[in-house]
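Asker: the sequence and its predicted three-dimensional model are supplied below.
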Amino acid sequence: MLTKILCAILIVFGAFIILTLIRAAFFKEKKKEFVPLPDENIDLDRYIKNLQKAISIPTVSYATDEEYDWKPFEDFHAFLEESYPLVHKTLKKEKVSKASLIYTWEGKNPSLDAIALLSHQDVVPDDEKRKDEWEHPAFEGFNDGEFIWGRGALDMKNHLIGVMESVEALLSEGFEPERTVYLCFAHDEEPMIHGGSGADTICETLKNRGVHLDCILDEGGAILPVNVKGLIENKFLAGIGVAEKGYADYRIFVTGHSGHSSQPPKHTALGKMAKVIRKIENHQFRAHLSKNMYSLFVSIGKNSKYPVRLFACNLRILKPLITKIMTFIPPAASMVRTTTAVTMAQGSPAANVLPGKAVINVNFRIMQGDSVEGVKKHILKYAGKRIDDIQFVKGKEPSYVSPTDSRCFEAIREICDGTSPDYIVAPYLVMGGTDACKYESICENIYRFSPYEADTSLLLRTHNTNERIPVSSLEGGVTFFKRYIRKLSGE
């Protein structure tokens with residue numbers, strides 16, 4: 001009897017292996033004839049010059065208005081007006097909040113919902129202590145022929161200037177949109193202000209006018225090269241951000257005996273806090289592979305070599321195992337669960353003083369399905385008995401997930417497919433925060449996509465020293481924006 005059972009198991013296992021080998025052979029993208037889209041007229045020299053100038057204007061943003069220097073924003077607005085005469089002659093320009101801009105390009109058919117392209121004017125401050133680490137100054141906009149260097153080169157003056165270049169070019173060609181087109185440029189995206197920010201004010205302004213947007217395009221990652229020898233070669237991942245994580249900062253307090261450090265208790269307040277930190281870090285949030293992340297992996301799998309497809313074709317079966325493995329790799333773990341990071345700690349004011357109170361700040365990046373309140377309950381569940389107080393500092397809920405069957409998503413896919421046969425287009429979850437989520441009350445189709453080819457190592461330079469963008473990627477950016485506006489502003 002046992003022999004029969006073992007034989008049956010071997011037969012089933014053998015059949016599974018054979019089936020997998022066959023499935024893997026056919027598990028690939030359907031071959032389509034590559035039909036390139038018509039070339040676009042691009043004034044690349046003007047784009048390069050204007051991007052350099054834009055970077056040289058230090059539009060640095062801060063958490064409070066009192067910290068701002070508003071002169072660079074005034075200079076930036078004057079620069080835009082001087083550099084893009086047709087835009088300022090044809091579009092209506094409004095300044096709202098302190099320095100945010102709304103450009104309105106009236107469409108021929110006011111009955112159609114408008115579209116909006118978002119960008120932000122501001123950049124993060126340059127760290128004075130790290131100035132010497134820059135190969136070229138942060139606010140020079142230096143062009144060495146291969147890269148344009150400086151704060152905002154990738155985040156995101158390249159995007160804003162690319163949008164302005166595309167509109168200026170379309171106007172020079174006599175293009176008139178059927179739908180109204182809004183260009184919305186907030187001045188304070190970087191401090192992650194929620195309530196009263198430039199983007200909040202822009203959205204409220206449009207909402208009060210009865211505007212409902214058909215779709216929104218904001219910053220995303222980039223078009224990333226995917227090249228692993230023998231597995232997947234000479235491909236580019238064009239990820240369309242359909243959602244972004246929420247976040248929450250919670251401040252946690254533990255009290256203890258204060259006094260001179262020569263007579264310490266067994267555990268000071270910081271010692272007690274160490275146990276709280278261990279409890280929080282050892283009880284991570286549950287991981288799960290979302291529908292869109294699953295689609296991303298399937299798309300990559302179908303474009304891979306045969307060995308990878310052996311696993312990819314069984315992704316549904318292997319999903320629990322893959323999800324578990326991802327939790328051990330920090331960048332991958334952030335894609336499948338709410339992350340926990342203890343970022344700040346405070347004890348006593350002097351080395352020989354016992355801390356009467358210990359304080360930590362814990363930052364959470366929240367996945368869809370979790371919530372700001374749920375994060376607090378999670379903390380209290382696993383560390384509540386050791387905590388004396390917990391305070392919510394700031395945060396926002398995860399964004400909703402935009403559909404992948406909308407005309408906007410399909411338009412981005414079609415433009416990418418017509419740009420290169422090597423682009424892999426797939427939805428993904430944006431790890432950081434953008435202004436896009438602030439427009440959810442007036443739009444259901446919100447996408448985050450930056451049409452610039454850039455290596456992952458360059459993306460890591462954003463908010464860092466030596467931020468730079470490849471000159472070779474610039475033409476593709478304006479080309480995309482022209483095609484996007486022409487296609488999406490139609491009926």
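Answerer: Nice, I can see it.
Asker: and the longest strand along the chain, what other elements does it pack with?
Answerer: In the chain, assigned by DSSP state E, the strand with the most residues is strand 232-244. In terms of contact count using 3 or more Cβ pairs under 8 Å, 6 or more residues apart in numbering; DSSP states H and E, strand 232-244 is assigned the packing partners strand 223-228, helix 291-302, helix 407-417, strand 423-430, strand 446-448. Quick note: C-beta positions are derived from backbone N, CA and C, even for glycine.
Asker: mind listing what's buried in whichever helix or strand comes after that strand?
Answerer: Using DSSP states H and E, the next helix or strand after strand 232-244 towards the C-terminus is strand 246-255. Within strand 246-255, the residues that qualify as buried by neighbour count (16 or more other Cβ atoms under 10 Å) are 246-250, 252-254.
Asker: in this structure, what helix or strand scores lowest on average pLDDT?
Answerer: Averaged element by element with mean pLDDT, DSSP states H and E, the chain has its least confident helix or strand at helix 2-26 (a mean of 52).
Asker: what's downstream of it, the next helix or strand?
Answerer: As the chain continues past helix 2-26, the following element, by DSSP H and E, is helix 44-56.
Asker: show me what that next one is packed against.
Answerer: Using 3+ Cβ pairs under 8 Å, 6+ apart as the contact test, the elements touching helix 44-56 are helix 71-83, strand 147-149, helix 157-172, helix 474-488.
Asker: and that helix, how far out from the chain middle?
Answerer: When C-alpha coordinates are averaged (Cα atoms, centre = their mean, to the nearest Å), helix 44-56 and its chain have centres 24 Å apart.
Asker: quick one: average pLDDT of it?
Answerer: Helix 44-56 shows a mean pLDDT of 98 in the predicted model.
Asker: residues touching that helix, excluding its own?
Answerer: 76, 79, 83, 139-143, 148-153, 157-158, 160-162, 164-165, 469, 471, 474-475, 478 (Cβ atoms under 8 Å, 6 or more residues apart in numbering).
Asker: now do the buried residues in it.
Answerer: Going by neighbour count (16+ other Cβ under 10 Å), the buried part of helix 44-56 is 46-48, 50-56.
Asker: tabulate these (CSV), appending distance to residue 418.
Answerer: Conversion of the buried residues of helix 44-56 to CSV gives the following (distance: Cβ to Cβ, whole Å):
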residue, distance to residue 418
46, 25
47, 21
48, 25
50, 26
51, 25
52, 30
53, 31
54, 29
55, 30
56, 35
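Asker: quick check: residue 303 touching residue 232?
Answerer: Yes: contact status for residue 303 versus residue 232: in contact at 6.1 Å, counting by Cβ atoms under 8 Å.
Asker: same drill for the two, tell me which one is more crowded.
Answerer: Set side by side, residue 303 and residue 232 show more neighbours around residue 303, with 21 against 17, by other Cβ atoms under 10 Å.
Asker: how close does the more buried one get to residue 68?
Answerer: 46 Å (Cβ to Cβ, to the nearest Å).
Asker: same deal with residue 122?
Answerer: Spatial separation of residue 122 from residue 68 under the definition Cβ to Cβ is 9 Å.
Asker: any shared contact partners between those two?
Answerer: Both residue 122 and residue 68 are contacted by 60-61, under the criterion Cβ under 8 Å, 6+ apart.
Asker: looking at those two, which is more packed in?
Answerer: Neighbour comparison, residue 122 and residue 68: the larger count goes to residue 122, with 27 against 19 (by other Cβ under 10 Å).
Asker: got a list of what the more buried one touches?
Answerer: Listed by Cβ under 8 Å, 6+ apart, the contact partners of residue 122 are 59-61, 186-190.
Asker: do the same with residue 428
Answerer: Under the criterion of Cβ under 8 Å, 6+ apart, the neighbours of residue 428 are 221, 239-242, 292-293, 296.
Asker: for stretch 339-348, buried residues please.
Answerer: Of the residues in stretch 339-348, those scored as buried under the neighbour-count criterion (16+ other Cβ under 10 Å) are 339-340, 347-348.
Asker: where in this protein is pLDDT low?
Answerer: Per-residue confidence of the chain (counting by pLDDT under 70) places the weak regions at 1-29, 491.
Asker: which residue ranges make up each domain of it?
Answerer: For the chain, the structural domains run 44-225+399-488, 246-285+339-397, 293-337, going by automatic domain parsing.
Asker: among the ones you listed, which is the most enclosed?
Answerer: Ranked by average neighbour count under the criterion mean count of other Cβ atoms under 10 Å, the domains of the chain are headed by domain 44-225+399-488 at a mean of 19.
Asker: gap between the two ends of that one?
Answerer: Using Cα to Cα, to the nearest Å, the gap from the first to the last residue of domain 44-225+399-488 comes to 23 Å.
Asker: who touches stretch 451-459?
Answerer: When contacts are defined by Cβ under 8 Å, 6+ apart, stretch 451-459 is touched by residues 154, 158-159, 162, 221-225, 236, 238, 468-470, 472-474, 476-477, 479-481.
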